[in-house]
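>>> My questions concern the predicted model and sequence given below.
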Amino acid sequence: MRAPPETSQICYTGKIRGRSMKKKVTALILCGGKGDRLRPLTDSLPKPLVLLGGRPILSYVMNHLKRYGIDDVVIAAGYQKEKIHEFFEENHCGLNVKIMDTGNVDIIERIKSCSSQISDDFIVLYGDTIADVNLEQLQAFHLSHSLKATMTLWPLRTSFGLAELDGEGNVLQFREKPVLDHWINIGYFYYEKEILSWIKDFSTYAAFLEFLANQKELKGFKHHGLHITVNSLRELEDAEKNIHEFEFK
């Protein structure tokens, strides 16, 4: 297994003009999963530290937050948590990072465990997902409506060719691997602090999101940019081909 690169290669040190958050937020990064589909890579390290383009996946996420001036970061660790601690001992990148041991539990329990570290609005994101979401626009979109939660969405792309048939089985149209008129959740949930008092009655994150939707308290922020998630060895292989496209490398 290759060693992680040096700190100077991981931490973003530049500035991007015009990118800043109007309201202070805390970033809560979910880093507790076991990453079973990435074995044997995850036999000895947590999924967010798997190398992509020669660097841990988590380093891309941290750099993206830093570029938007988000200084307060809470890590919801679990599996191989000691490796997460080791990573941040060398690569905190000047951010205020707090690591919480949240065990092997559902996402909702991880958020509950980290709630004492959150004092403002907060963004929940995945430690195995890289996306160039414009966080300034995400916040502005959230603040423009009166709901308590916003979910970032990305257009569903199928890896199959789709055919449209008539009643006699004739192919009327064929589209190769099209972008569908459906949207998938890619994390980057923007929550107001009040949400923390709502989650106590839920045992799963899926049930909580369903509740928010039913109560019409959840807006969808559409992201049309780049997105990479790494859940399997095949996805990691694909990600290696595409990671060069990310401007915040």
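Everything's here; your move.

>>> Could you give me the buried positions within stretch 199-215?
For stretch 199-215, a neighbour-count test (16 or more other C-beta atoms under 10 Å) marks I199, F202, Y205, F208, L209, L212 as buried. All C-beta spots, glycine's among them, are computed from the backbone N, C-alpha and C.

>>> so A131 makes contact with N185?
No - the pair A131 / N185 is not scored as a contact, 11.4 Å apart, by C-beta atoms under 8 Å.

>>> what's the overlap in contacts for the two?
Common neighbours of A131 and N185 (criterion: C-beta atoms under 8 Å, 6 or more residues apart in numbering): T152.

>>> The two - which one has more neighbours?
Taking neighbours as other C-beta atoms under 10 Å, A131 and N185 compare with A131 leading, 22 against 13.

>>> Helix, strand or coil: sort out G167 for me.
Counting by DSSP: H, G, I helix; E, B strand; the rest coil, the backbone at G167 sits in coil.

>>> ok, how many other residues are close to it?
A count of nearby residues for G167, using other C-beta under 10 Å, gives 5.

>>> do K34 as well
14.

>>> Dihedrals phi and psi, the closest residue to it other than its chain neighbours?
Once flanking residues are discounted, K34 sits nearest to Y79: 4.6 Å by C-beta to C-beta, 6 or more residues apart in numbering. Y79 adopts backbone torsions of phi -60, psi 130, taken as degrees, to the nearest 10.

>>> Y79: neighbouring residues, count only.
Y79: 18 surrounding residues under other C-beta under 10 Å.

>>> And F87, by the same measure?
Neighbour number of F87 under other C-beta under 10 Å is 24.

>>> Within the helices and strands, which one has it?
Using DSSP states H and E, F87 falls within helix 81-91.

>>> In terms of secondary structure, what does that helix contact?
With contacts defined as 3 or more C-beta pairs under 8 Å, 6 or more residues apart in numbering; DSSP states H and E, the packing partners of helix 81-91 are helix 7-10, helix 57-67, strand 72-77, strand 96-101.

>>> returning to that earlier point: nearest to S59, of the buried residues of stretch 199-215?
Y205 (25.2 Å; C-beta to C-beta).

>>> Now do that closest one against D121, distance only.
Distance check for Y205 against D121: by C-beta to C-beta, to the nearest Å, it reads 18 Å.

>>> Which stretches in this structure count as strands?
Secondary structure of the chain (DSSP state E): strands at 25-31, 51-52, 55-56, 72-77, 96-101, 121-126, 129-131, 149-157, 161-165, 171-176, 179-185, 189-191, 218-222, 227-229.

>>> export those to a markdown table and tack on mean pLDDT and distance to S115?
Below are the strands of the chain laid out as a markdown table (pLDDT from 0 to 100; distance: least, C-beta to C-beta, whole Å):
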| stretch | mean pLDDT | distance to S115 |
| --- | --- | --- |
| strand 25-31 | 94 | 9 |
| strand 51-52 | 86 | 30 |
| strand 55-56 | 88 | 26 |
| strand 72-77 | 93 | 9 |
| strand 96-101 | 90 | 10 |
| strand 121-126 | 95 | 9 |
| strand 129-131 | 90 | 22 |
| strand 149-157 | 88 | 15 |
| strand 161-165 | 72 | 43 |
| strand 171-176 | 70 | 45 |
| strand 179-185 | 72 | 21 |
| strand 189-191 | 96 | 11 |
| strand 218-222 | 94 | 19 |
| strand 227-229 | 85 | 25 |
